[in-house]
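1. Sharing a model prediction with you, sequence too.
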Amino acid sequence: MRIAIPSSEDSHESLISNNLGRSPFIGIYDEETKSYGFFENLGYKIQDGSGLKAAEIIIQNKANVLLTMEIGSKAYSVLLKEHVDIHLINSYGTENPSLKIFSKSRRLKIVRSNKNIFYQRCW
């Protein structure tokens with residue numbers, strides 16, 4: 001399983017970015033190989049469509065899961081069409097603890113149907 005997390009820097013020790021589209025980097029963790037990859041989100045500086053640029057990175061890197069604090073409706077729709085499970089988290093820490101919590105519990109609420117749920121926090 002490949003897990004995508006919006007990141008403020010290109011390090012697994014960096015803080016999770018609070019918004020997918022405005023995240024400077026997208027971190028991808030591969031559970032199988034236990035390795036990280038970081039990809040610059042070139043859309044984070046643009047006014048419209050930044051979330052779509054982040055979604056493209058996630059899809060191109062074949063992530064199965066997205067852990068994020070906020071996601072816009074356009075990126076949400078694109079990722080759902082590509083069968084990426086979206087988990088809204090309430091964590092302002094670094095990536096490692098969030099990945100550990102996710103890996104252990106897998107009982108997080110998957111956001112799928114209601115646009116009004118986009119900004120709901122699950123942890």
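-> Structure's in. What do you need? Residues are numbered from 1 along each chain as shown.
2. from here on, contacts and neighbour counts on C-alpha atoms
-> OK.
3. Outside of stretch 53-72 itself, which residues are in contact with it?
-> Residues from elsewhere that reach stretch 53-72 (C-alpha atoms under 8 Å, 6 or more residues apart in numbering): 1-6, 17-21, 26, 28, 39, 41-44, 51, 75, 78-79, 82-91, 118-119, 121.
4. Report the buried members of the residues you listed.
-> Burial by neighbour count, 16 or more other C-alpha atoms under 10 Å: within the contacts of stretch 53-72 this picks out 2-6, 17-21, 26, 28, 39, 41-44, 51, 75, 78-79, 84-91, 118.
5. The chain: helices as residue ranges?
-> Along the chain, the stretches classed as helices by DSSP state H are 50-60, 73-81, 95-105.
6. what is the mean pLDDT for the last one?
-> When you say that, I think you mean helix 95-105. Helix 95-105 shows a mean pLDDT of 58.
7. Which of the contacts of stretch 53-72 fall in strands?
-> Arg2, Ile3, Ala4, Ile5, Pro6, Ile26, Ile28, Phe39, Asp85, Ile86, His87, Leu88 (DSSP state E).
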